[in-house]
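# no FASTA, just this:
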DNA sequence: TCCATGCGTTACCTCCAGGTAACCGGCAGA
DNA sequence: TCTGCCGGTTACCTGGAGGTAACGCATGGA
């Protein structure tokens, strides 16, 4: 009775299909936030190498110290990134993708390809729509 | 000089790689919002058939009239959905995926598969992290 | 006369992502 | 003694996402 469409579960009723709540929704929401993908991407540049906090920060223009800390904390919590703390002075902290983390971006590849192929069309559609009044 | 990693452009400097601003970021952000994917999904159930506003609303539990209108408006603006208005009484409005819209969810398939395979692991990682104190 | 219908729009409120800025801690070097 | 270094944390503020509720409108049916 429960089927799925593109990975999303739904049920058929006489009144039509109804999408059922889907736990993995939150994962996409996390990805959609402002910095997460950027942090994952820079860690993925050389997955074998751990990066220091400051290296990540330098690699991502405009990210603030606070937002980088928060983003990394969330990724660590999700098991996508590991944090290594070295109690030196001044302190050194290194971040690295976990095995699971290393598989994430490649899985997204199909969709980033779609975006690459379509975002100009989207941009044009927006301009057409906005120009059409309907302000 | 400009390379890409998983579709994301960056440049190499002596101080290390720097990710460059990436327009398509916004597309992912849109997808990450609360309702967009659900609306796309229900329209994709039978891509050949247009759905009425009320059919979509009934198919998505808990979505409010306002949020459905806003979400559809954005999708229309992005050229992913078309709106057909019939000046009957009471009015009838039908929504349908555009050709571009029809290609989006399949492109996302690889990633939804990754989520399906990994979200339990993510859930467990979160619980471990939270239980570990660091409140 | 009154109401239900279908698709909005408007007004209003709350919450949180994200930004800015200052401070901390402990040691090294001037 | 003062300053800089690194990685964080804290306090504070703002904008916008998203929720709730009510109103609008044209007509057909009771």
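It's in. What you are looking at is a predicted structure, and each value in this text was computed from that prediction instead of being measured.

# OK, now which residue of chain A is nearest to chain B?
Closest to chain B within chain A is residue A:32: 1.8 Å, counting by CB to the nearest CB. For every residue, glycine as well, the C-beta is placed using N, CA and C.

# for that residue, which residues are in contact?
Counting by CB atoms under 8 Å, 6 or more residues apart in numbering or on different chains, residue A:32 touches B:28-33.

# please redo it, this time with the cut-off set to 7 Å
By CB atoms under 7 Å, 6 or more residues apart in numbering or on different chains, the residues touching residue A:32 are B:28-29, B:31-33.

# from residue A:90, how far off is the closest residue to residue A:65 other than its chain neighbours?
Spatially, and ignoring its direct neighbours in sequence, residue A:65 is nearest to residue A:57 (7.0 Å; CB to CB, 6 or more residues apart in numbering or on different chains). Separation of residue A:57 from residue A:90 (CB to CB, to the nearest Å): 15 Å.

# looking at the two, which is more packed in?
Taking other CB atoms under 10 Å in any protein chain shown, residue A:57 and residue A:90 do not tie; residue A:57 has more neighbours (18 against 4).

# surely residue A:68 meets residue A:59?
No: using CB atoms under 7 Å, residue A:68 is not in contact with residue A:59, being 10.3 Å away.

# circling back to that earlier point, tell me the contacts of the residue nearest to residue A:65?
Contacts of residue A:57 (CB under 7 Å, 6+ apart): A:63, A:65, A:68.

# list the contacts of the helix or strand the last one falls within.
Right, the one you point to is residue A:68. Applying DSSP states H and E as the criterion places residue A:68 in helix A:65-77. For helix A:65-77, the external contacting residues (CB under 7 Å, 6+ apart) are A:30, A:35-36, A:39, A:56-57, A:81-83, A:95, B:125-126, B:129.

# residues near residue A:46, how many?
Residue A:46 - counted by other CB under 10 Å - has 12 other residues nearby.

# please apply the same query to the one 4 residues further on.
When neighbours are defined as other CB under 10 Å, residue A:50 has 17 of them.

# one step back: what is the mean pLDDT for the helix holding residue A:68?
If you average the pLDDT over helix A:65-77, you get 97.

# mind giving me the packing neighbours of whatever helix or strand comes next after it?
Next helix or strand after helix A:65-77 toward the C-terminus (DSSP H and E): strand A:81-86. For strand A:81-86, the elements it packs on are helix A:65-77, strand A:92-97, judged by 3 or more CB pairs under 7 Å, 6 or more residues apart in numbering or on different chains; DSSP states H and E.

# quick check: can you name the pairing partners of strand A:81-86 and their directions?
Sheet neighbours of strand A:81-86, with direction, are listed as strand A:92-97 (antiparallel) (DSSP bridges).

# which other residues reach the strand it pairs with?
With contact meaning CB under 7 Å, 6+ apart, strand A:92-97 is reached by A:43-44, A:47, A:50-53, A:56, A:72, A:80-86.

# for those residues, which one is nearest DNA strand C?
Set against DNA strand C, the nearest of these by CB to the nearest atom of the strand is residue A:53 (11.4 Å).

# that closest one: neighbouring residues, count only.
Neighbourhood size, residue A:53 [other CB under 10 Å]: 17.

# so what's it closest to, chain neighbours aside?
residue A:93 (5.0 Å).

# so residue A:35 makes contact with residue A:63?
Yes: contact criterion CB under 7 Å: residue A:35 and residue A:63 qualify, at 5.8 Å.

# right, I'll call it a day here.
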